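# Provide a 3D model corresponding to the input given below.
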Amino acid sequence: MQSPDRQRGASIIIAIFLLVGLSALGAVMTRMMVTQSLQTTDAWLSSQALYAAESGVQVAAYRLNRTSPATCNLSISDNSVSVRSWFSISTRPLILGSTDVCEITATGKAGNSAAAPAVQRQIVVTYRWAAL
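Okay, the predicted model is just below:
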């Protein structure tokens, strides 16, 4: 027959193993949640940058369509779309010497600042000038 003191020592060892195991499980779950949160934030910023670039294309098309005579010389840098998203646009003639067809390059940015964004997305569009 074992003494009660020896049984008490075994209970402490089992309790320590359980605490270490549960702590490790908690650490793994916390790490998984942090990783998932970062991935969600990156996807959200990427969407914001894409929408900012699309806004840039729309602004460029609007301005190009309202220039008379037609011109493909348009450049806008770091125009704010929302609190943490911006777009920059530039245009150039697609055919040398022609102003009927322009190439619009719009870069959307999202994140910390326009100078150092977390994410950038770029759209290149061929635009045919439409006389009013």
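# mind checking pLDDT for D42?
D42 carries a pLDDT score of 89 in this model.
# how many neighbours does the spatially closest residue to it that is not a sequence neighbour have?
In space, not counting the residues next to it along the chain, D42 is nearest to V119; the distance is 7.1 Å by C-beta to C-beta, 6 or more residues apart in numbering. C-beta coordinates here come from the backbone N, C-alpha and C atoms, glycine included. Using other C-beta atoms under 10 Å as the criterion, V119 is surrounded by 21 other residues.
# T40 versus S47, what's the distance?
Using C-beta to C-beta, to the nearest Å, one obtains 11 Å as the distance from S47 to T40.
# So which of these two has more stuff around it?
Neighbours of S47 and T40, each counted by other C-beta under 10 Å, are more numerous for S47; the result is 15 against 10.
# which helices and strands does the one helix or strand that one maps to pack with?
S47 is part of helix 4-65, with elements assigned from DSSP states H and E. Of the remaining helices and strands, those touching helix 4-65 by 3 or more C-beta pairs under 8 Å, 6 or more residues apart in numbering; DSSP states H and E are strand 75-82, strand 85-93, strand 101-110, strand 119-128.
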